[in-house]
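Asker: Below are the sequence and a predicted model for it; my questions follow.
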Amino acid sequence: MQLFYNPSIENSTTELTFDKEESKHIVRVLRKKGGDILHITNGSGWLFEAQLILADQKSCLVRIIKAEERPPLPHQLHLAVAPTKMNDRYEWFLEKATEIGASEITPIICEHSERKVVKLARLEKVVQSAMKQSLQCYLPKLNEAISLGSFMKQPFDGQKFIAHCGETERFSLKSKIDHNPQITILIGPEGDFSTSEIQQAKEKGFLPVMLGDTRLRTETAAIVACHTVALANQL
């Protein structure tokens, strides 16, 4: 199944016109013709079945014939991950975290961050593409970059963890995950969180955890954390 994304479509929508880029992809790449069936999501949990009425490279028109609301994941995982030095590694993390089932992602700027400017336009496309590829109907929320200090001033529900490589007391993330609908995990930059950042997080109620016996890159650590939560919450 080929999944398309259009955030404006609602369960009351009867017809939809694709833009030039999507229309060209439908006609020239996928070679769809009038009468063919397409599947579309709005990224908010709805899956639509539509029939192609007009197959035009500049503007395809479809008629909605079925709308179905898909159930969300049993947990909502918010990953707050420091940007990596190389942008392609962060994009890889976003792609895989979306496939596994992260609900919200925030780039956090830390004391040891080597990259402190994050452009969301490209990253949003990566997340959208990963959602479509993995046939999901919920698009993860991708937030603007924020300093770690500002991030921790926000209210959080559920369990809160900070994964770091320091020598202070840490617990296995796997052993501490409950079947909690709300989970937030902090993942630091290549140089790890500073001692003061770890202390600040602990004072805010974040439990220090480890993700295994080896030292992981930022993007790898984020994926391990995401997968650990997904396994712990499997029905």
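Answerer: Received it, and whenever you're ready, just let me know what you need.
Asker: Kindly report the domain assignment for the chain.
Answerer: 3-69, 76-232 (automatic domain parsing).
Asker: so how far is the longest one off the chain centroid?
Answerer: Spelled out, it's domain 76-232. Here domain 76-232 is found 10 Å from its chain centre; the criterion is C-alpha atoms, centre = their mean, to the nearest Å.
Asker: start to end distance for that domain?
Answerer: 13 Å (C-alpha to C-alpha, to the nearest Å).
Asker: what mean pLDDT does it have?
Answerer: The average pLDDT for domain 76-232 rounds to 94.
Asker: For the residue lying closest to Thr13 once chain neighbours are set aside, list each beta-bridge partner.
Answerer: Take Thr13 and drop its neighbours on the chain: the residue closest to it by C-beta to C-beta, 6 or more residues apart in numbering is Ile64, 5.6 Å away. For glycine as for every other residue, the C-beta is placed from the backbone atoms N, C-alpha and C. Beta bridges link Ile64 to Ala50, judged by DSSP bridges.
Asker: Tell me who's in contact with Ile64.
Answerer: Applying C-beta atoms under 8 Å, 6 or more residues apart in numbering, we find Ile64 in contact with Ile9, Thr13, Thr14, Glu15, Leu16, Phe48, Glu49, Ala50.
Asker: how far away is the closest residue to the third one other than its chain neighbours from Pro155?
Answerer: Nearest residue to Thr14 in three dimensions, chain neighbours excluded: Ile64, at 5.6 Å (C-beta to C-beta, 6+ apart). Distance check for Ile64 against Pro155: by C-beta to C-beta, to the nearest Å, it reads 38 Å.
Asker: again, but for Leu211
Answerer: Distance from Leu211 to Pro155, by C-beta to C-beta: 26 Å.
Asker: cool, and Glu68?
Answerer: Glu68 is 33 Å from Pro155, by C-beta to C-beta.
Asker: now the closest residue to Ser134 other than its chain neighbours, what's its secondary structure?
Answerer: Once flanking residues are discounted, Ser134 sits nearest to Glu99: 4.4 Å by C-beta to C-beta, 6+ apart. Secondary structure, DSSP: H, G, I helix; E, B strand; the rest coil: Glu99 is helix.
Asker: so who does Glu99 touch?
Answerer: Ala130, Gln133, Ser134, Gln136.
Asker: Give the burial count for the second one, as a bare number.
Answerer: Read it as Gln133. 13 (other C-beta atoms under 10 Å).
Asker: ok, it - contacts?
Answerer: Leu3, Glu99.
Asker: And it, how far from Glu99?
Answerer: 7 Å.
Asker: just checking, Asp157 touches Gln182?
Answerer: Yes: look at Asp157 against Gln182 with C-beta atoms under 8 Å: they come within range, at 4.3 Å.
Asker: per-residue confidence at the residue nearest to Thr14?
Answerer: 96.
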